[in-house]
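Asker: Please work out how this folds:
(2 chains)
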2 protein chains.
Amino acid sequence: MKALVYEGIETLAFREAPMVAAQPGEHLIRIRASGICGSDMHAYLGHDARRPAPLILGHEAAGVIEDGPQAGRRVTINPLVTCGSCAACAAGRENLCASRQIISMPPREGAFAQFVAMPERNLVTVPEDVPLSKAALAEPLAVSWHAARLALKALHPDMERRALVIGGGAIGLAAALAMRAMGVEDVAIQEPNAARRAFLAYHCGQQAVAEFQGIVPLVVDAVGYAATRAGASAAAAPGGVIAHVGLGEDAGGLDIRRMTLQEITFIGTYTYTAQDFRDTAQAIFDGRLGPLDWPEQRPLSDGAAAFRDLRSGAVAAPKIILDPWA
Amino acid sequence: MKALVYEGIETLAFREAPMVAAQPGEHLIRIRASGICGSDMHAYLGHDARRPAPLILGHEAAGVIEDGPQAGRRVTINPLVTCGSCAACAAGRENLCASRQIISMPPREGAFAQFVAMPERNLVTVPEDVPLSKAALAEPLAVSWHAARLALKALHPDMERRALVIGGGAIGLAAALAMRAMGVEDVAIQEPNAARRAFLAYHCGQQAVAEFQGIVPLVVDAVGYAATRAGASAAAAPGGVIAHVGLGEDAGGLDIRRMTLQEITFIGTYTYTAQDFRDTAQAIFDGRLGPLDWPEQRPLSDGAAAFRDLRSGAVAAPKIILDPWA
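Answerer: Residues are numbered from 1 along each chain as shown, chains lettered A, B, ... in the order given. Next comes the predicted model:
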């Protein structure tokens, strides 16, 4: 099969790779749409020790079951493979499973390829009227759906439902969409890139600002650097909540003194539960997350250029989706 | 009246001070017991810009109403004076009131004095069989009660009720007692001072360790330094909760990468709600927080020596309570 292989720092090759083999209980999926995530970029830059080259990246994918009795079933893929039996899995917190795996991280190759193999329980059926390129957004949208759900759950019921999202990439935009779908009507997105800000405002109907002023009960840090955490801990209202999604920098930034004196809660969030993934897919299918017409689509064969363009800040769209068969 | 006046860095004088005047709606209280808090020590060392000399410190007090129709009523004092009408107060989160005041911080003098003046709503009646020296513990115990309550509320219901408290001072010990009272049976206290550790083990029946090994769902950082936060974020189990009480250092220590990948929640906590204060007082009166026989009692006139002894690490007891009339 063809795949976009990460071969070393800032080096990607679209080339022949060994065909994946489905294990018992797994399906072979023909990938039709596979989004580029910030964590793929992180790996591409050589910043993720968990993703050593050579490796096929990509974990935001949708496609069609290739063989067996379910051949032809259109599915979106929950890329998080968990044991299903530990205490975390039993509690419905599969993302905390100690033996969790995600495709694009050894031992599992990723979805910037023509095929992947996935367990049956990781697949969600996509209705005929929903394009697979839209269904591939289930993964990044589920990350933000999960963060928004945890943040709203932690928020005191007497506080206003008003939010700031730091970072206008796909995770930030998705956090704004998820919070709106959960009834938070006033959501601002802080994004330093002017082109992306314009895209968020004019194409996605979002309230995008270069520098947020004031305080809000809910803050989502969708970037995860010390500077964005400093912004988050300054912008959270007394008694408010920060949900933190990114893995930009490992430490620093939070104003702990203020968070203590003003009782601010910080929630580390990672991926999603299986239920969050299903709920997000359903919200996509129902239209509750909007038209989702903001990704840019390119052939997987042009993947190396897509990474270069993202790296140089030349892409206004918050997401590029690659098609391995285009 | 006599008071222990903070006159400058590491300088306290037991001397005559202007008699306090009760404002309308306030009672004059004859103080019979007034505990030394870590924040008093912080101020004494010149580390708290909110408490400039000259100032009467002290905010953990119990006494007797001095005059008026309620003269003779034995009370313990909630030292947090709030507006009672803002959104935070209306939500029962008086500790987040933007105009909150605490005695021992300008404009309110503290309780290392023979008298203080307090609003009626800050007073909780102490039953005749409860010594005022024990009732004065309501304030520090309420700080920990509040932190423990928020931590348990944030903890996922499927997680084990097992906790680590970092720091074996009064706030740490009180956090252990509060969590036990709330049904957490397995609580370890990490405390580096061997004498205090022995005191916690032999006098207070606590499980005290020099260095905690392993992970637990609940961590209370009752110290608030970068090093203790590093310990807290290493010891919290995946999906667990850290409640943070202290104001030792303003920033640093948290392993944000681990907290994100393992979905650890960090809750800044400050003082207590009015309901927490009343609940804690009731728990003291009922005996649910144990015999509470661990404070050391000294006359307020020896207050300067008490601060020196605490500073040098010569006090094994987690609390010294001063009597202005001894």
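
Asker: how much space between the closest residue to A:Ala237 other than its chain neighbours and A:Arg311?
Answerer: The spatial neighbour of A:Ala237 that comes closest, neighbours along the chain excluded (CB to CB, 6 or more residues apart in numbering or on different chains), is A:Ile215 at 4.3 Å. C-beta coordinates here come from the backbone N, C-alpha and C atoms, glycine included. For A:Ile215, the distance to A:Arg311 under the criterion CB to CB, to the nearest Å works out to 34 Å.

Asker: Let me see the mean pLDDT of stretch A:278-296.
Answerer: Averaged across stretch A:278-296, pLDDT comes to 96.

Asker: List the buried residues in that stretch.
Answerer: A:Arg278, A:Asp279, A:Thr280, A:Ala281, A:Ala283, A:Ile284, A:Phe285, A:Leu289, A:Gly290, A:Leu292, A:Trp294, A:Pro295 (16 or more other CB atoms under 10 Å in any protein chain shown).

Asker: surely the third one meets A:Thr271?
Answerer: No. Taking contacts as CB atoms under 8 Å, A:Thr280 lies outside contact range of A:Thr271: 11.4 Å.

Asker: anything in contact with each of these two?
Answerer: Common contacts of A:Thr280 and A:Thr271 (CB atoms under 8 Å, 6 or more residues apart in numbering or on different chains): A:Ala142.

Asker: Quick check: closest non-adjacent residue to A:Ala117.
Answerer: A:Ala22 (4.0 Å).

Asker: And what about the one you found, helix, strand or coil?
Answerer: Secondary structure, DSSP: H, G, I helix; E, B strand; the rest coil: A:Ala22 is coil.

Asker: ok so, going back, what about the residue nearest to A:Ala237, distance to chain B?
Answerer: In this structure, A:Ile215 and chain B are 11 Å apart, going by CB to the nearest CB, to the nearest Å.

Asker: Could you do A:Asp276 as well?
Answerer: Counting by CB to the nearest CB, the gap from A:Asp276 to chain B is 12 Å.

Asker: do the same with A:Pro157
Answerer: 8 Å.

Asker: What of A:Ala235?
Answerer: A:Ala235 is 15 Å from chain B, by CB to the nearest CB.

Asker: How is A:Ala3 classified with respect to secondary structure?
Answerer: What three-state DSSP gives for A:Ala3 is strand.

Asker: Quick check: beta-bridge partners of it?
Answerer: When bridges are called by DSSP bridges, A:Ala3 pairs up with A:Arg15, A:Ala113.

Asker: what about A:Ile264, how many residues close to it?
Answerer: 28 (other CB atoms under 10 Å in any protein chain shown).

Asker: So it sits against A:Ser233, correct?
Answerer: Yes. With contact defined as CB under 8 Å, A:Ile264 counts as touching A:Ser233 (6.6 Å).

Asker: joint contacts of those two?
Answerer: Overlap of the contact sets of A:Ile264 and A:Ser233 (by CB under 8 Å, 6+ apart) consists of A:Ile242, A:Arg258.

Asker: how about stretch A:60-79: buried residues?
Answerer: Result for stretch A:60-79 [16+ other CB under 10 Å]: buried residues A:60-66, A:73-79.

Asker: now, which of the residues you listed lie close to chain B?
Answerer: Residues shared between the buried residues of stretch A:60-79 and the neighbourhood of chain B: none [CB under 8 Å from any CB of the partner chain].

Asker: now, which of the residues you listed lie within strands?
Answerer: Where those overlap with strands, as defined by DSSP state E, the overlap consists of A:Glu60, A:Ala61, A:Ala62, A:Gly63, A:Val64, A:Ile65, A:Arg74, A:Val75, A:Thr76, A:Ile77.

Asker: so which pair among these is furthest apart in space?
Answerer: A:Glu60 and A:Ile65 (18.0 Å; CB to CB).

Asker: if I look at the closest residue to chain B within the stretch 1-150 of chain A, how far off is B:Asp221?
Answerer: In the stretch 1-150 of chain A, the residue that lies nearest chain B is A:Ala91 (3.7 Å; CB to the nearest CB). The gap separating A:Ala91 from B:Asp221 is 25 Å, by CB to CB.

Asker: Who has more neighbours out of those two?
Answerer: The residue with more neighbours, out of A:Ala91 and B:Asp221, is B:Asp221; 35 against 15, by other CB under 10 Å.

Asker: Who are the contact partners of A:Asp279?
Answerer: A:Ala142, A:Trp145.

Asker: Please, which helix or strand holds it?
Answerer: helix A:274-286 (DSSP states H and E).

Asker: In the helix or strand following that helix, which residues are buried?
Answerer: Next helix or strand after helix A:274-286 toward the C-terminus (DSSP H and E): strand A:296-299. Residues A:Arg298 are the ones in strand A:296-299 that count as buried (16+ other CB under 10 Å).

Asker: Give the pairing partners of strand A:296-299; include direction for each.
Answerer: Partners of strand A:296-299 in its sheet, by DSSP bridges: strand A:320-323 (parallel).

Asker: Please compute how far the partner strand lies from its chain's middle.
Answerer: 14 Å (CA atoms, centre = their mean, to the nearest Å).

Asker: is chain B contacted by the longest helix anywhere in chain A?
Answerer: The longest helix of chain A (DSSP state H) is helix A:138-154. Yes. Judged by CB under 8 Å from any CB, helix A:138-154 comes into contact with chain B at A:Leu150, A:Ala154.

Asker: Count residues in the vicinity of A:Ala210, would you?
Answerer: As a burial measure, A:Ala210 scores 10 neighbours (other CB under 10 Å).

Asker: now do the one 5 residues further on
Answerer: Each residue near A:Ile215 was counted by other CB under 10 Å, and the total is 15.

Asker: And for the one 3 residues further on?
Answerer: By the criterion of other CB under 10 Å, A:Leu218 has 28 neighbours.

Asker: go on, A:Ile189?
Answerer: Residues within reach of A:Ile189, counting by other CB under 10 Å, total 28.

Asker: doesn't it fall inside a strand?
Answerer: Yes. Counting by three-state DSSP, A:Ile189 is located in a strand.

Asker: Show the contacting residues for it.
Answerer: The contact partners of A:Ile189, by CB under 8 Å, 6+ apart, come to A:Leu164, A:Val165, A:Gly167, A:Gly168, A:Gly172, A:Leu173, A:Ala176, A:Leu200, A:Gln206, A:Gln207, A:Ala208, A:Val209.

Asker: so which of the residues you listed also contact chain B?
Answerer: The subset of the contacts of A:Ile189 lying close to chain B, counting by CB under 8 Å from any CB, is empty.

Asker: roughly how far apart are the most centrally placed residue in chain A and A:His42?
Answerer: Among the residues of chain A, the one closest to the centroid is A:Pro140, at 2.4 Å (CA atoms, centre = their mean). Distance, A:Pro140 to A:His42, using CB to CB: 14 Å.

Asker: Kindly report the same for A:Val124.
Answerer: 26 Å.

Asker: Of the two, which one has the most company?
Answerer: A:Val124 (21 against 17).

Asker: so what's the more buried one up against?
Answerer: Contacts for A:Val124 (CB under 8 Å, 6+ apart) come out as A:Val75, A:Thr76, A:Ile77, A:Asn78, A:Ala138, A:Phe277, A:Arg278, A:Ala281.
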